[in-house]
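Asker: Following is a predicted model, sequence given first.
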Amino acid sequence: MSEYELGTALDTDYYGVFENVPAEDRAVWQRARDFIIEILPEVNDAWDKAEYPLRWATRLGELDLLNDGVEGPGLNTISPLAAGLATMELSRGDGSIGTIVGVQAGLALRSVAMYGSDEQKAEWLVPLSRGEKLGAFALTEPDHGSDSVSLETTAVRDGDEWVINGSKKWIGNGSVGHMSVVWARDEAGNVRGFIVPQDTPGYSATTITGKVSLRAIHQAEITFTNMRVPADAVLPGANSFKDTAKILFATRLGVAWGALGHATAMYEAALTYAQQRIQFGKPLASFQMVQERLTEMLAELTSMQMHCLVLTQREAAGTMTPTQASLAKYNNTRKARQIAQIARDMLGGNGILLEHHVIRHFADVEALHTYEGTESVQALLVGRDVTGKGAFA
């Protein structure tokens, strides 16, 4: 048993950014916190063993935390602010849990809600939101990550069926779920989405091993070999990569909220440790250098909170632009990395022990910094917006 207790939430909010959160949204936030308190004793062990406790996803569904603000028949839709606060809180507990919501709700559920037929929505929306079925979002390919618009997976119409060939990589839930939303290019060159049960013949998925980030959720490498799906597997509302990109834009702000959750956990662990750790006869918190480091982390954390709140207000008002979400993701994942370095260093040797949580968040932030668009891609998107000149090639 550790002599330090570093996992307790301190509700850090130096500027009172979240003072006026409505009661309904605060209730969602509290459910997320209760869930983290419930499962936190399991998290380090699952992360250490690279095990994905699927019951976590089911439990999230039971607590109505698999929504991410998605609207659709049968869904208990929450506000953008509630969705962000839940993502923040779940990521404060563990990045894998935040990613479960991002994949299940932000990507798979949102794809069906935005572009599915009435029949597809009736079949999938409620089971996905309740965690009764696990969904995946199969877009990224082994050779196409940042340039996912160039995807090579093909879908060829053959009578009443589509024949899909190709491969995908880094697909959360892709090897352990029930369905995948598969993105492929048709014969006319259009990007289409397909709902594919994971037990479909020709669908072969392997869990990626050797990860040093997000170890308590599984990502898969998937191969489609002459995989046949019926004509009604197509998402009728998705007909181009622009449609696919709208889903990614919708989830990008959630990544900024997730980074805030990680940063909050690391700052609060460092603050608590500095108050508990005795060196040279007094707490670390009594030293000038430690107070300066804590202040630096708090300044960055407060900036991250304001980015999230302002953009979420714009999202709720329908005025947030995709590049604004890109800037928030760019800023917050960078700041989370900075806080991770300081917090890990402040804990000294204890900073590399899972029981103190910081090193787990340190590693997970590296994945968060990359997915949903790398730092370079976000910079190019914002740069094009402010200069009017594309610099992607």
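Answerer: Received, thanks. Numbering: from 1, shown residues only.

Asker: Mind pulling up the pLDDT for the residue lying farthest from the centre of the chain?
Answerer: For the chain, the largest distance from the centre (C-alpha atoms, centre = their mean) belongs to Gly281, which lies 42.4 Å off. Reading off the confidence values, Gly281 has pLDDT 93.

Asker: That one and Phe287, how far apart?
Answerer: 11 Å (C-beta to C-beta, to the nearest Å). Yep, even glycine has a C-beta here, placed from its N, CA and C like the rest.

Asker: which helices and strands sit right next to the stretch of helix or strand Lys168 belongs to?
Answerer: Element membership for Lys168 (DSSP states H and E) is strand 161-172. The contact analysis (3 or more C-beta pairs under 8 Å, 6 or more residues apart in numbering; DSSP states H and E) places strand 161-172 against strand 135-138, strand 154-158, strand 179-185, strand 191-197, strand 219-230.

Asker: For the first one, which outside residues touch it?
Answerer: Residues from elsewhere that reach strand 135-138 (C-beta atoms under 8 Å, 6 or more residues apart in numbering): 103-104, 107-109, 111-112, 124, 128, 168, 171-174, 177-183, 196, 198, 220, 222, 247.

Asker: hey, where'd the helices end up in this protein?
Answerer: 23-49, 54-62, 80-93, 95-101, 110-115, 118-129, 241-276, 288-317, 322-346, 358-370, 375-387 (DSSP state H).

Asker: can you put the ones you listed in JSON lines and add distance to Ala155?
Answerer: As requested, the helices of the chain are exported to JSON lines (distance: least, C-beta to C-beta, whole Å):
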{"stretch": "helix 23-49", "distance to Ala155": "36"}
{"stretch": "helix 54-62", "distance to Ala155": "28"}
{"stretch": "helix 80-93", "distance to Ala155": "31"}
{"stretch": "helix 95-101", "distance to Ala155": "27"}
{"stretch": "helix 110-115", "distance to Ala155": "15"}
{"stretch": "helix 118-129", "distance to Ala155": "16"}
{"stretch": "helix 241-276", "distance to Ala155": "13"}
{"stretch": "helix 288-317", "distance to Ala155": "32"}
{"stretch": "helix 322-346", "distance to Ala155": "26"}
{"stretch": "helix 358-370", "distance to Ala155": "27"}
{"stretch": "helix 375-387", "distance to Ala155": "25"}
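
Asker: Leu66: how many residues sit nearby?
Answerer: 28 (other C-beta atoms under 10 Å).

Asker: Verify the contact between it and Gly102 for me.
Answerer: No - look at Leu66 against Gly102 with C-beta atoms under 8 Å: they stay out of range, at 10.4 Å.

Asker: buried residues in the strand holding Lys168?
Answerer: By 16 or more other C-beta atoms under 10 Å, the buried positions in strand 161-172 come out as 162-172.

Asker: Of the residues you listed, which pair is most distant in space?
Answerer: Using C-beta to C-beta, the pair of these lying farthest apart is Val163 and Gly172, separated by 25.4 Å.

Asker: Report the distance from stretch 361-378 to the chain centre.
Answerer: The chain centroid and the centroid of stretch 361-378 are separated by 10 Å under C-alpha atoms, centre = their mean, to the nearest Å.

Asker: What is the end-to-end distance of it?
Answerer: 22 Å (C-alpha to C-alpha, to the nearest Å).

Asker: Please name the residues that touch the closest residue to Tyr203 other than its chain neighbours.
Answerer: Closest residue to Tyr203 apart from its sequence neighbours, by C-beta to C-beta, 6 or more residues apart in numbering: Met227 at 5.5 Å. Contact partners of Met227, counting by C-beta under 8 Å, 6+ apart, are 163-165, 196, 200-203.

Asker: Equivalent analysis for Thr87, please.
Answerer: 68, 98, 101-102, 254, 257-258, 261.

Asker: Pull out the buried residues from stretch 196-212.
Answerer: Those would be 196, 198, 200, 203, 205, for stretch 196-212 by 16+ other C-beta under 10 Å.
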